[in-house]
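1. Quick one, fold the following:
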Amino acid sequence: MTALRKTGPLGLGDGYGRAAKMAALGLGVALFASACGSGGDSGTDSSPSEDSSSAANSSVLSCPESQGGTGEDPGEKGDPSAVPASTGTTDTPLKLGTLLPTTGALAFLGPPEIAGVDLAVEEINAAGGVLGKPVEVVHRDSGDTTTDIATQSVTDLLGQDVSAIIGAASSGVSKTVINQITGAGVIQFSPANTSPDFTDWDDNGLYWRTAPSDVLQGRTLGNYIMECGAQTVGMIVLNDAYGTGLQSNIKGSVEAAGGQVVAESMFNEGDSQFSSQVDTVTAANPDAIVVISFDQAKSIAPLLTGKGVDPSQIFFVDGNTSDYSADLEAGTLEGAQGTIPGPFASDNFKDALLEVDPALKDWAYAGESYDAVTLLALASEAAGSTDGQAIAAELQGVSSEGEKCFDFAGCVTILRGGGDIDYDGYSGPISFDENGDPTEAYIGIYQFDADNKPVPSRSEVGKL
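-> Next up, the predicted model:
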């Protein structure tokens, strides 16, 4: 995973064989030119227009009509009661740790991710476990980059001899612990890291993720904004690996389509005041405004609408496309849109997750977390070992070029019968490359309703 991945032009493809409707949107290959630029220090990166009192343009966007969106299960699951006995054994059960947020700016993502992990472990153990023993899981908080919680949690997990750590959700947090984890010979498997920086990280082949690089999400969102008719774009950006990675790819696709990014205003994790960023971006009078943040959006969005920005001009990303019904006055975000990597969650999957955590109201990265656990279990079974490096050597193989299967029970039945498998899960087709990145993925586009809840609008699939 240290070699650079060979990336071709990004575009809509036939992709994953599901009945889900794909949005055409007229996005040509020319729109997927290489991204440019990167975030800098906190402050502004481009000058506002001369009329600093003007707000963003209103009524200039005409986005494609919503297609709605109903998630579908990836395929038929296996029968846990019919799984044959393991052909291998282990003295050391597969033990997994999690490094997922229960505190900090990304804490809203923790519950669906943790529920996805727990659901997968439950199903694996119902099918007899891995190599004849139940899978164990230890949960720890990742916090965010303003604390040292992640380092402490990783130290604890490594001390418990886990084979893999699932997390972190934040790319910035992962950067603080990736060397600690992979240097110990343990797999780090993130369900939500999207920074392009991890593609060629020197990680001894031990870093993997089920979330696609922001090369895909950033370009998809940039192209979609241009399809809505915007000519000028402003951005309010979290100044970390996640924020600047998205910023770069959104900017690249906007400029490749003939648009202009007229203002880019940065803020840092831990900041609580955003008036200067909002003033800078609205003064530039853009047609569309992208907010790249975590829960800071709760403060930023009302400031934008208070400046006269119509919610339909606001675009969010996976770090802040969330249910704000309890946080913002009704209608504040009605018409705003946002992207989240991954297919829309199916009703069956939602029901299963709610059995694990009845309080869930978001589904983001639950599928990616479920798939991370299932893939680790299948790779362990294929390796005949719970050693991290042995498991990592099998992850690419169990994700591609074999018989299609869709859960642990179905896949492990094939493995134990001597077959080769290609696991497709709730996060999509996956198919890892040599760097541990999925080679194709869905990007869901959501539109906020009058209750400030994101509702599925349309879905795209792209290849990396």
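
2. Relative to residue 197, how far out is residue 399?
-> Using CB to CB, to the nearest Å, we find residue 399 at a distance of 22 Å from residue 197. The way it works is simple: take the backbone N, C-alpha and C, and place the C-beta from them, glycine included.

3. who's more crowded, those two?
-> More crowded of residue 399 and residue 197, by other CB atoms under 10 Å: residue 399, with 26 against 17.

4. can you tell me which residue is nearest the centre of this protein?
-> Central residue of the chain (CA atoms, centre = their mean): residue 192, 3.9 Å from the mean position.

5. That residue contacts residue 211, doesn't it?
-> Yes. Contact between residue 192 and residue 211 holds when scored by CB atoms under 8 Å: they sit 5.0 Å apart.

6. Now do residue 216, the pLDDT please.
-> At residue 216, the pLDDT value in this model is 92.

7. Residue 16 now?
-> For residue 16, the pLDDT comes out at 35.

8. what do you get for residue 357?
-> The score at residue 357 is 98. That number is its pLDDT.

9. what's the burial count for it?
-> Using other CB under 10 Å, residue 357 has 16 other residues around it.

10. Next, the contact list for it, please.
-> 111, 114, 115, 118 (CB atoms under 8 Å, 6 or more residues apart in numbering).

11. Skip the chain neighbours and tell me the closest residue to residue 190.
-> Excluding its sequence neighbours, the residue lying closest to residue 190 (CB to CB, 6 or more residues apart in numbering) is residue 209, at 4.4 Å.

12. count of neighbours near the one you found?
-> Residue 209 has 25 neighbouring residues, counting by other CB under 10 Å.

13. Next: the one 5 residues further on.
-> A total of 31 residues lie near residue 214 under the criterion other CB under 10 Å.

14. and what of residue 354?
-> The burial count assigned to residue 354 is 13, neighbours taken as other CB under 10 Å.

15. Surely residue 120 touches residue 366?
-> No. With contact taken as CB under 8 Å, residue 120 and residue 366 are classed as non-touching, separated by 10.0 Å.

16. Does residue 61 touch residue 227 like I think?
-> No. Taking contacts as CB under 8 Å, residue 61 lies outside contact range of residue 227: 9.8 Å.

17. Tell me how far residue 326 lies from residue 296.
-> Between residue 326 and residue 296 the computed distance is 17 Å (CB to CB).

18. Need the per-residue pLDDT for residue 440.
-> According to the model's per-residue confidence, residue 440 sits at a pLDDT of 88.

19. How about residue 180?
-> What the model reports for residue 180 is a pLDDT of 98.

20. So the closest residue to residue 132 other than its chain neighbours, which state does it fall into?
-> Counting by CB to CB, 6+ apart, residue 132 lies nearest to residue 86, which is 4.6 Å off, once chain neighbours are set aside. Secondary structure of residue 86, reduced to three states by DSSP: H, G, I helix; E, B strand; the rest coil: coil.
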